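> mind folding the following:
(one chain, ligands or ions: 1)
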Amino acid sequence: MRIVLLGAPGSGKGTQAEKIIDRYNVAHISTGDMLRAEVAAGTELGQKAKSIMDAGQLVSDEIVLGMIENRLGRDDVKNGFILDGFPRTLEQAKGLQALLEKLGQPLDGVVFLDVDAEEIMQRLLARGRGDDNEETIRKRLDVFAEQTAPLVAFYKEQGKLAHIHGVGDVDEIFAKISAAIDDFSA
Ligand code: AP5
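You can find the predicted model right below:
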């Protein structure tokens, strides 16, 4: 089971990824979590990434693709994985495709969690992570619209996209996601 969870900041990718890994026993790969771990550890990469993340911008494709290539080489991805927050640009999506072709492990499908900007603003201001202030959230939403939203069409053309309305009860959204995932593998 190899899945991408696509969605704007605050659309519920992390929340739903936790439920998916419980049900399907796959690895959870979140580039945001990996980058925050680098920042917390004070590595050179983390120091570079911190100001970019605080500004709501994207870390370079080259860095993120390198992280993913390393991560997909680890043993715990044998049963599959859910990618959360990656890919975020066309360049990353194409890089991922090339990497998975090389491994002989194509994606099964892409779940797009669709949530409106007003709901996202409310959710993230209530959460209050370091990058959850109004100005940075707006920037993250702009970056999503410009650089990540084109991936919806990219995966739709490949016949891999499940479009899920991501507002409402968390368990009801999870039920819709599970149905889509079961369809991918049917
Ligand atoms: P990342 O960590 O990926 O953050 P994000 O995409 O901004 O997403 P969030 O974690 O804010 O939201 P989410 O969709 O996971 O929602 P969640 O479940 O947490 O990226 C952070 C930064 O790292 C980026 O800005 C960038 O700088 C860098 N980065 C990361 N990946 C990169 C990449 N591939 N390339 C380049 N740079 C990269 O939910 C949010 C809140 O809503 C929570 O409080 C939750 O409890 C609540 N919630 C969830 N579901 C519901 C619901 N149904 N109803 C009500 N509330 C809900």
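> mind listing the helices for the chain?
Assigned by DSSP state H, the chain shows helices spanning 13-24, 31-41, 44-54, 61-72, 90-103, 117-127, 134-143, 150-157, 170-185.
> what about these, which gets the closest to the ligand?
Across the helices of the chain, the ligand has its closest neighbour in helix 31-41 (1.8 Å, CB to the nearest ligand atom). Quick note: C-beta positions are derived from backbone N, CA and C, even for glycine.
> for the closest one, packing partners?
Judged by 3 or more CB pairs under 8 Å, 6 or more residues apart in numbering; DSSP states H and E, helix 31-41 is in contact with helix 44-54, helix 61-72, strand 81-84.
> most neighbours per residue, which of these?
Mean neighbours per residue, mean count of other CB atoms under 10 Å, is largest over these for strand 81-84, with a mean of 24.
> list the strands paired with that strand, with their directions.
When pairing is defined by DSSP bridges, strand 81-84 lines up against strand 2-7 (parallel), strand 27-30 (parallel).
> from those strands, which stretch is densest packed?
Of all these, strand 2-7 has the most neighbours on average by mean count of other CB under 10 Å, namely a mean of 25.
> contact partners for the most centrally placed residue in the chain?
For the chain, the residue sitting closest to the mean C-alpha position, by CA atoms, centre = their mean, is Gly85 at 1.9 Å. Going by CB atoms under 8 Å, 6 or more residues apart in numbering, Gly85 touches Leu5, Lys13, Ser30, Thr31, Gly32.
> now do Ser30
Remark: with contacts taken as CB under 8 Å, 6+ apart, Ser30 is in contact with Lys13, Gly14, Ala17, Asp84, Gly85, Phe86.
> can you redo those residues as a markdown table with distance to Gly73?
Shown next, in a markdown table, are the contacts of Ser30 (distance: CB to CB, whole Å):
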| residue | distance to Gly73 |
| --- | --- |
| Lys13 | 23 |
| Gly14 | 23 |
| Ala17 | 20 |
| Asp84 | 18 |
| Gly85 | 19 |
| Phe86 | 15 |
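> just flag the most distant two among those.
Maximum pairwise distance among the contacts of Ser30 (CB to CB): 12.5 Å, between Gly14 and Phe86.
> ok, these two, which is more surrounded?
Shown here are Gly14 and Phe86; by other CB atoms under 10 Å, Phe86 has more neighbours (23 against 16).
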